[in-house]
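> Provided below are the primary sequence and the corresponding predicted coordinates.
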Amino acid sequence: MPPSRGAPSGQNRRSPSRDSDSSSLPVHPGREPPCNIRAEQNLLGACILDGGRETITLCLEAKLPAAAFYKPAHQVIYQELLKGYQNGDVVDEVLLCDRLASRTLDSVDGHEHDPEGGRSVLDYIGGDDTISSLTSQVETTVFASHWLDLVKQKYLLRRLITTSTRVVERCYTNQDELDHFIEDVEQEIFKISQDRVTDTAKTARVAVTRAEEMIQNYLQNNRDTRGVPSGFKDLDRHTFGFQPGEMVVLAARPSMGKTSLAMNFAEHAILPVDAEPVRTLVYSLEMQAEALAMRLLCCRARVNSENVRSGFASKEDQRSLYQAAQELKSDMLLIDDSTNLSVLELRAKARRLHSKAPLGLILVDYLQLISGTDNRVSREQQIGEISRGIKGMAKELDVPVIVLSQLNRDSEREKRTPRLSDLRESGSIEQDADVVLLLYSRRDREQDGEELPDQASDTRELMVAKNRNGPVGTLSLTFIRRYTRFENHAHPTS
């Protein structure tokens, strides 16, 4: 942080108006109006800590106005965070200080003319040290909803005090009919009660209308795939394609082909056979973008990557690679190979890209490589937070999100088929996922884990272990090793 730009000098200034209710709170000697300054500080610190995104979203859902903060300086900071959120910006500690320093006190919403003239908002709130103190006392955003509840409760209590005092005064001076007077009082209390709860319930009209449209689309478009096609007929019969808003987990032991299968999904999404291509974002936390592109090229061209690396690719292979490159050189596929991404950064990046041009599919390779926001808590708690964040991203952007995950060693030790409980490090993954796919090799399991010779192809099993909106079951895929490519399994004819 840069050195403090200084605390405000002089006390002859007016504070930003809290609102029409709380600014006229009655004065009771020795009694402070209901407030929880520490909860306000922690809530603002959480907003800054996550870049002004997740916690601010909670505040907006709870309809928390700036007036809910009792301390005027906190109102100013909250207003600036709201502006950053509305502009789609990620606001950290440094950016927030710079923005507040660039504004004068006269520009603050609800603030009257500054008699001292032209002071910055940052000076008014106490300088950089005020912002630093907010973030220094908050180490995690896990308790943000608790602080939000405390701030809102105190705000509603202040409004009740103001309203009640006004009612008492009107009782002494009231000249209206009693029925009208009581009705006015009821309306004022009802306004406060309305702000006590958020509008999460909606009428069924919109949902039923949307369901009708989906049914008509299904009936008129009688296909196996109605979401983003996976490219594999047997899988699409179970899922009808990857559906918007769903979190799909693809889990396997290492070297089983998770990344290869995921990139096959991406290939079929941007280059479908009988559907519209969808813009696909791939988060590759393990491989560099160039290495992933090389794998995708060789897979698409059906060229052995070992021949390419050794420099012995035939003329036919080179022509196939060139044609595949022309097909894949499009704006429909985006690859982000950033490392040490947190789930908040991952969501912020996806949100920004989606706002520029809608995404149709997101792939994350893989979940256990995403950083937690609080390294002091257990890894299981971190994975739970990451899993919930990915599910929230799928719902927020209304796109399917396929996230790769590791399986633990239990299935190998016990020489059995993998199951949902083998998902590594957290049961939250199983809970949050809409679809869970478990990839394994039956032959590897049956031969007690012995290393198999390199085959031209072998059969891999893909178990649909969980399917919230469809059937479960196991299907077979053909894995062509030299191309690192999965294809539909050829069923024997009877």
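Received it, and whenever you're ready, just let me know what you need.
> in the protein, what helix or strand scores lowest on average pLDDT?
Ranking every helix and strand in the chain by mean pLDDT, DSSP states H and E puts helix 442-446 at the bottom, with a mean of 54.
> show me which residues of the helix or strand just after that one are buried.
Using DSSP states H and E, the helix or strand that follows helix 442-446 in sequence is strand 457-467. Residues of strand 457-467 classed as buried: 458, 460-467 (neighbour count, 16 or more other CB atoms under 10 Å). The way it works is simple: take the backbone N, C-alpha and C, and place the C-beta from them, glycine included.
> can you count the residues close to Y172?
For Y172, the number of neighbouring residues by other CB atoms under 10 Å comes to 6.
> in which helix or strand does it reside?
helix 144-173.
> list the buried residues of the helix or strand following that helix.
Downstream of helix 144-173, the next assigned helix or strand under DSSP H and E is helix 178-194. For helix 178-194, the neighbour count (16+ other CB under 10 Å) marks 185, 188, 192 as buried.
> how are the helices of the stretch 301-450 of the chain distributed by residue range?
Along the stretch 301-450 of the chain, counting by DSSP state H, counting those that start in this stretch, helices occupy 305-310, 315-328, 343-356, 379-397, 410-413, 428-432, 442-446.
> now do the helix holding Y172, average pLDDT.
The predicted model gives helix 144-173 an average pLDDT of 88.
> tell me the pLDDT of the residue nearest to E54 when sequence neighbours are not counted.
Leaving out its chain neighbours, the residue that sits closest to E54 by CB to CB, 6 or more residues apart in numbering is L344, at 6.2 Å. Confidence at L344, expressed as pLDDT, is 75.
> contact partners for L344?
Counting by CB atoms under 8 Å, 6 or more residues apart in numbering, L344 makes contact with 50-51, 53-54, 373, 389.
> which residues sit in contact with the nearest residue to V436 once chain neighbours are set aside?
Distances taken as CB to CB, 6+ apart place K466 nearest to V436, at 4.0 Å, with adjacent residues excluded. By CB under 8 Å, 6+ apart, the residues touching K466 are 420, 430, 433-436, 472.
> what pLDDT is listed against K466?
pLDDT, read off for K466, is 88.
> repeat for S260
So S260 comes in at 88 (pLDDT).
> residue furthest from the geometric center of the chain?
Largest separation from the mean C-alpha position in the chain: Q175, at 55.5 Å (CA atoms, centre = their mean).
> could you pull up phi and psi at it?
phi -120, psi 0 (degrees, to the nearest 10).
> any idea how far it is from T417?
82 Å (CB to CB, to the nearest Å).
> isn't L477 right up against M463?
No - contact criterion CB atoms under 8 Å: L477 and M463 do not qualify, at 11.1 Å.
> burial count for the nearest residue to M332 once chain neighbours are set aside?
With sequence-adjacent residues excluded and distances taken as CB to CB, 6+ apart, M332 is closest to I270, at 4.2 Å. For I270, the count of nearby residues is 20 (other CB under 10 Å).
> swap in L105?
For L105, using other CB under 10 Å, the count is 25.
> name the SS class of the nearest residue to C35 once chain neighbours are set aside, please.
Ranked by CB to CB, 6+ apart and with sequence neighbours excluded, the top spatial neighbour of C35 is Y70, at 3.7 Å. The three-state label given to Y70 by DSSP: H, G, I helix; E, B strand; the rest coil is coil.
> for Y70, give its distance to A39.
According to CB to CB, Y70 and A39 sit 10 Å apart.
> burial count for R295?
With other CB under 10 Å as criterion, R295 counts 18.
> centroid residue for the chain?
Centre-nearest of the chain using CA atoms, centre = their mean is M393, 3.3 Å out.
> doesn't I402 make contact with it?
No - using CB under 8 Å, M393 is not in contact with I402; the gap is 11.9 Å.
> shared neighbours, these two?
I362.
> just curious, which of the contacts of L344 is nearest to Q382?
Q382 lies nearest to T373 out of the contacts of L344, by CB to CB, at 7.7 Å.
> where does the stretch 151-300 of the chain dip in pLDDT?
For the stretch 151-300 of the chain, applying pLDDT under 70 flags the ranges 193-203, 206-207, 210, 214-215, 217-226.
> what segments of the chain are strands?
247-252, 280-284, 333-336, 361-365, 401-406, 435-440, 457-467, 473-480, 485-488 (DSSP state E).
> now render the ones you listed as a markdown table, adding distance to L292.
Shown next, in a markdown table, are those (distance: least, CB to CB, whole Å):
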| stretch | distance to L292 |
| --- | --- |
| strand 247-252 | 16 |
| strand 280-284 | 5 |
| strand 333-336 | 6 |
| strand 361-365 | 8 |
| strand 401-406 | 13 |
| strand 435-440 | 18 |
| strand 457-467 | 20 |
| strand 473-480 | 18 |
| strand 485-488 | 14 |
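> A291 is nearest to which of these?
strand 280-284 (8.5 Å).
> who's in contact with M463?
Taking CB under 8 Å, 6+ apart as the test, what M463 contacts is 417-418, 437-440, 472-474.
> just to check, L160 is in contact with E188?
No - using CB under 8 Å as the test, L160 is too far from E188 to be in contact (9.7 Å).
> and T259, which of the helices of the stretch 301-450 of the chain is closest to it?
helix 305-310 (13.3 Å).
> show me which residues of the closest one are buried.
305, 308.
> pLDDT (mean, whole number) over that helix?
So the average pLDDT for helix 305-310 ends up being 73.
> chain center to that helix, what's the gap?
Taking CA atoms, centre = their mean, to the nearest Å, one finds helix 305-310 lying 39 Å from the centre of the chain it belongs to.
> so what are the domain limits for the protein?
The chain breaks down into these domains under automatic domain parsing: 22-194, 224-488.
> what number of residues lie near F240?
Burial of F240 is recorded as 18 neighbouring residues (other CB under 10 Å).
> distance of it relative to D410?
31 Å.
> if we can go back for a sec, contacts only, for the residue farthest from the centre of the chain.
Applying CB under 8 Å, 6+ apart, no residues contact Q175.
> also the one 10 residues further on?
Each residue near V185 by CB under 8 Å, 6+ apart is listed here: V167.
> how much space separates it from I161?
In terms of CB to CB, V185 sits 15 Å off from I161.
> do the same with W147
22 Å.
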